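>>> Got a sequence here, can you build the structure:
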Amino acid sequence: VEIARDQNKALLLLFTGDWIPLCQRFNEGILQTETFLQEVSEHFILVRLNFPEDNKLPPALGAQNQLLKDAYRVRGYPAIVLTDDEGKPFGLNGFQPITAELYAQQILEMYRQGKESASMRASAQDLSGVAKAEKLISGIPDLPGNLAARYFADEMKAVIAADPEDTLGKTAPYHALLDAAEYSKEMHLLAKDSRWVKMIELTDTYIEERNLEGGMLQKALPNKSSVQDRMGSLRGRIESLLQVVDLDADSPYGVEAQRQLDALRKEKLREEGEEP
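Below you'll find the predicted structure:
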């Protein structure tokens, strides 16, 4: 961050596992090529965060890498997170089977969009009302899940305050994202202390108070199922997975829930000495 600020550059964070074939292919075919490095290093400080297969890293380095992985909700490797010099993300990417030149162009386009978004947020400071809200909306990066709400909560709250009549239609979706970000934060803190029962209670309260249904409910239930798995509550886990499937068996959440149910059934049959 200090180097990025001194050189007026953004940050490119690479989350990788050197032992993973896809990460190796990504590294050799794109990231370490002269074409990519020359193009991208002009605008970015490049940071490599490695997660070895045996998890053996010096304690301070391991803690740093895990902190950043949690902060940006990285779920797999390889993953690239682009941030400004304050650590606020504006772009995400991963491996793609394209040339190093094309990949560099993608990163540079994200950089351009990130600079444009920052400019929009800055120009909103001199405005008020709906005009301010419009600028701020344009300045909030398009990030998946509640990641935008984690890093641009102040901007979202400012949009809601500047547009009390909700003429831009952002009040409800922004409230939902802010609530989801707060829920995710609380769940993460509880997980660190293995407070599984509290995590179940928090999830049930989150679902009930917001009257979640359809896709939003289907998205929340896997959290509950995951906690029930860690608690060793097989019946509870199966009930949650069945509820996900019943909501929409063809959605990504429904397909994944059915896969887990099938795996549990096969495991049960094997234990009973029957053919799956």
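>>> Could you find the closest non-adjacent residue to the residue nearest the centre of the chain?
Nearest to the mean C-alpha position of the chain, counting by C-alpha atoms, centre = their mean, stands residue 73 at 3.9 Å. In space, and not counting its chain neighbours, residue 73 is closest to residue 147: 5.9 Å by C-beta to C-beta, 6 or more residues apart in numbering. C-beta here means a position set from N, CA and C on the backbone, and glycine is covered the same way.
>>> Please apply the same query to residue 148.
Distance criterion C-beta to C-beta, 6+ apart; nearest residue to residue 148, sequence neighbours excluded, is residue 140 at 5.7 Å.
>>> just checking, residue 12 is part of a helix?
No: in this structure, residue 12 is strand, not part of a helix, as judged by DSSP: H, G, I helix; E, B strand; the rest coil.
>>> was I right about it contacting residue 48?
No: with contacts defined as C-beta atoms under 8 Å, residue 12 does not count as touching residue 48, sitting 9.5 Å away.
>>> Those two: which has the busier surroundings?
residue 12 (24 against 13; other C-beta atoms under 10 Å).
>>> what's the distance between that one and residue 146?
When distances are taken as C-beta to C-beta, to the nearest Å, residue 12 and residue 146 turn out to be 23 Å apart.
>>> before we move on, what about residue 93?
Here the criterion is C-beta to C-beta. By it, residue 93 lies 19 Å from residue 146.
>>> neighbour-wise, which of those two wins?
Comparing residue 93 with residue 146 by other C-beta under 10 Å, the one with more neighbours is residue 146, at 20 against 16.
>>> any idea of the pLDDT on the more buried one?
As summarised for this prediction, residue 146 has a pLDDT of 84.
>>> May I have the phi/psi pair for it?
In this entry, residue 146 is assigned phi and psi values of phi -100, psi 20 (degrees, to the nearest 10).
>>> do residue 80 as well
Main-chain torsions, residue 80, degrees, to the nearest 10: phi -120, psi 130.
>>> For it, which residues are in contact?
Residue 80 makes contact with 12, 13, 14, 15, 92, 93, 94, 107 under the criterion C-beta atoms under 8 Å, 6 or more residues apart in numbering.
>>> go on, residue 71?
By C-beta under 8 Å, 6+ apart, the contact list for residue 71 reads residue 87.
>>> Many thanks, I have nothing further to ask.
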